[in-house]
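**Student:** coords please:
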Amino acid sequence: MSQVKSSYYSRGEEDSPRIPYRLVATHQHLITTCCDHLPVDPAFLATLIGMVTEGEVFYRYFLQFNYTYYVAASQPLYRAMKRLRLEPEEFCANYGLFAVPYVFAYSRGFEGRPEELYQPEMAIYILYEYVKRTVERHNGNLKMALGNYGFLGNYPEYRFKKLSMNIKSIIQERWNHYERWKEYYTFYDLWQPFQFCAPG
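**Tutor:** Reported below is the predicted structural model:
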């Protein structure tokens, strides 16, 4: 991925009320570095930072949904939580700039402390696998993957149509921001799609 020039934010977009350019600009070097090491979509990362975690490096959000419907109902996961001496609020929370779910990280072999997921250089690899899994569940539908980001389960297309307007509006708002970021990165020849294959 090309390096961002010093004039990257010189067109005045940082003053746009539609996208938090200033917020994401703070982490632009990190986004660029991630995209240099893995075939990840910079617009997706920018949307997560701008809309989900709001640029908070030490973001942590407990999802009761994940605990109630997955961990509490799964003996292996519940036992794992106890073995790791974690509380539900720790085991079922999302962490860091990329809001990585601890439970998913655990499913990929991670058994460290939740605070370790605040490190972007570790979290980006888990994010890559998490988005890949979520996109596959939605048959390649990146919009639904972005809308479901942070949850262990998924809202399939048929269920999405029955959701409350509040949930649907959140999913649509995330997608609107993603499309604007994609246009932005494409303008500067910095956009690349997710490529779900073994990184080489």
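**Student:** Neighbours of residue 140, how many?
**Tutor:** 10 (other Cβ atoms under 10 Å). In short, each C-beta sits where N, CA and C put it, glycine included.
**Student:** repeat for the one 10 residues further on
**Tutor:** Neighbours of residue 150 under the rule other Cβ under 10 Å: 21.
**Student:** Can you classify it as helix, strand or coil?
**Tutor:** Using DSSP: H, G, I helix; E, B strand; the rest coil, the structure places residue 150 in coil.
**Student:** give me phi/psi at it?
**Tutor:** Residue 150 adopts backbone torsions of phi 110, psi -20, taken as degrees, to the nearest 10.
**Student:** Was I right to think it contacts residue 53?
**Tutor:** No. Counting by Cβ atoms under 8 Å, residue 150 stays clear of residue 53, with 9.9 Å between them.
**Student:** Quick check: longest helix in this protein by residues?
**Tutor:** Identified as the longest helix of the chain according to DSSP state H is helix 165-187.
**Student:** Tell me the helices and strands packed up against it.
**Tutor:** helix 42-47, helix 142-147 (3 or more Cβ pairs under 8 Å, 6 or more residues apart in numbering; DSSP states H and E).
**Student:** rank those helices by pLDDT, which is bottom?
**Tutor:** Of all the helices and strands packed on helix 165-187, helix 142-147 carries the lowest average pLDDT, namely a mean of 87.
**Student:** how much space between residue 70 and residue 185?
**Tutor:** For residue 70, the distance to residue 185 (Cβ to Cβ, to the nearest Å) stands at 34 Å.
**Student:** just residue 132 next, same as before
**Tutor:** In terms of Cβ to Cβ, residue 132 sits 20 Å off from residue 185.
**Student:** between the two, which one's more packed in?
**Tutor:** More neighbours surround residue 185 than the other of residue 132 and residue 185, with 21 against 15 (other Cβ under 10 Å).
**Student:** Can you name the residues that contact that one?
**Tutor:** With contacts defined as Cβ atoms under 8 Å, 6 or more residues apart in numbering, residue 185 is in contact with 42, 43, 46, 191.
**Student:** and with 10 Å instead?
**Tutor:** Counting by Cβ atoms under 10 Å, 6 or more residues apart in numbering, residue 185 makes contact with 1, 4, 31, 35, 41, 42, 43, 45, 46, 191, 192.
**Student:** With residue 124 instead?
**Tutor:** 30-31, 33-35, 37-38, 40, 45, 96-98, 100.
**Student:** 7 Å instead?
**Tutor:** 34, 38, 98 (Cβ atoms under 7 Å, 6 or more residues apart in numbering).
**Student:** What about residue 168, how many residues nearby?
**Tutor:** Neighbours around residue 168, by other Cβ under 10 Å: 15.
**Student:** Check what contacts stretch 101-114 and list those residues.
**Tutor:** In contact with stretch 101-114 (Cβ under 7 Å, 6+ apart) are residues 66, 70-71, 77, 80, 84, 90-95, 117, 126, 129-130, 150, 152.
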